[in-house]
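Chemist: coords below, sequence missing:
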């Protein structure tokens with residue numbers, strides 16, 4: 001455990017001296033802010049239009065969560081698909097390129113500790129990034145009346161989704177020394193997990209049910225609506241664990257070459 005924390009601390013410190021991490025953080029927050037204020041502006045215009053038309057019943061159905069937070073979180077999930085490969089591509093690939101990977105493998109630490117340490121560091125940085133996006137719900141809580149529980153469930157889903165992306169990114173980074181290949185591979189896997197259920201939309205049966213279950217958006221959307229189901233949490237944790245296991249096996253195979 002001590003070795004894991006030492007590696008995690010070193011890696012996390014490295015994120016704050018790497019320009020790529022700051023670029024990812026800046027792009028994520030700028031896009032989040034743009035989406036938030038665009039959605040909020042659209043919500044305000046719709047409220048004013050409904051008030052002018054005198055449709056009080058429809059006005060009562062206007063909800064900040066469904067009109068602002070829900071689409072915001074779905075937009076941010078797409079942004080994560082784009083930026084997370086850039087954040088995780090260097091975790092192993094950079095060390096392979098610079099030659100420090102061999103030194104790490106010959107150190108008196110287990111491969112599981114190496115993978116766990118790097119994962120904890122990347123996950124912590126990612127959770128900081130997602131946590132900073134809480135600024136926008138706080139604005140709504142100060143000036144509006146959103147459903148806090150639903151917002152919490154949505155941001156929990158976003159955090160779980162981001163951590164899952166970290167695990168997938170670590171796996172692809174462990175397979176190559178080329179950061180571009182690692183980033184493209186990670187992006188491809190994440191896109192596949194997003195669209196894997198598309199063929200099941202018009203079909204049925206066990207195979208189609210499996211494709212639906214493997215769909216990230218389906219589990220994510222359920223939690224964004226405020227429903228925290230244990231099956232959705234188990235799904236995200238399962239994908240994360242499988243990706244980390246494959247990463248550990250990839251690193252272990254390199255040690256014995």
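Modeler: Thanks, I have the structure now. The shown structure was predicted, so the numbers you read here are calculated from the model rather than taken from an experiment. Residues are numbered from 1 along each chain as shown.

Chemist: what residue lies at the spatial centre of this protein?
Modeler: The residue lying closest to the centre of the chain (Cα atoms, centre = their mean) is residue 162, at 1.6 Å.

Chemist: tell me which element that residue falls in.
Modeler: helix 148-173 (DSSP states H and E).

Chemist: buried stuff in that helix?
Modeler: Neighbour-count burial for helix 148-173 flags 150-151, 153-173 (criterion: 16 or more other Cβ atoms under 10 Å). Just so you know, the C-beta spots here come from the backbone N, C-alpha and C atoms, and that holds for glycine as well.

Chemist: select the longest helix from the chain.
Modeler: Ranked by residue count, the top helix of the chain under DSSP state H comes out as helix 19-53.

Chemist: so which elements touch whichever strand or helix holds residue 244?
Modeler: Per DSSP H and E: residue 244 is located in helix 230-255. Judged by 3 or more Cβ pairs under 8 Å, 6 or more residues apart in numbering; DSSP states H and E, helix 230-255 is in contact with helix 100-106, helix 111-132, helix 148-173, helix 216-224.

Chemist: present those helices as TSV; the columns should include mean pLDDT and distance to residue 21.
Modeler: Below are the helices and strands packed on helix 230-255 laid out as TSV (pLDDT from 0 to 100; distance: least, Cβ to Cβ, whole Å):
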stretch	mean pLDDT	distance to residue 21
helix 100-106	67	18
helix 111-132	89	6
helix 148-173	91	13
helix 216-224	86	24
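
Chemist: out of those helices, which is closest to residue 22?
Modeler: With Cβ to Cβ as the measure, helix 111-132 is the member of these nearest residue 22 (10.6 Å).

Chemist: quick one: pLDDT of residue 72?
Modeler: Listed pLDDT for residue 72 reads 90.

Chemist: how many neighbours does the nearest residue to the residue nearest to the centre of the chain once chain neighbours are set aside have?
Modeler: Using Cβ to Cβ, 6 or more residues apart in numbering and skipping residues adjacent in sequence, the residue nearest residue 162 is residue 126, 4.7 Å away. Neighbour count of residue 126, defined by other Cβ atoms under 10 Å: 27.
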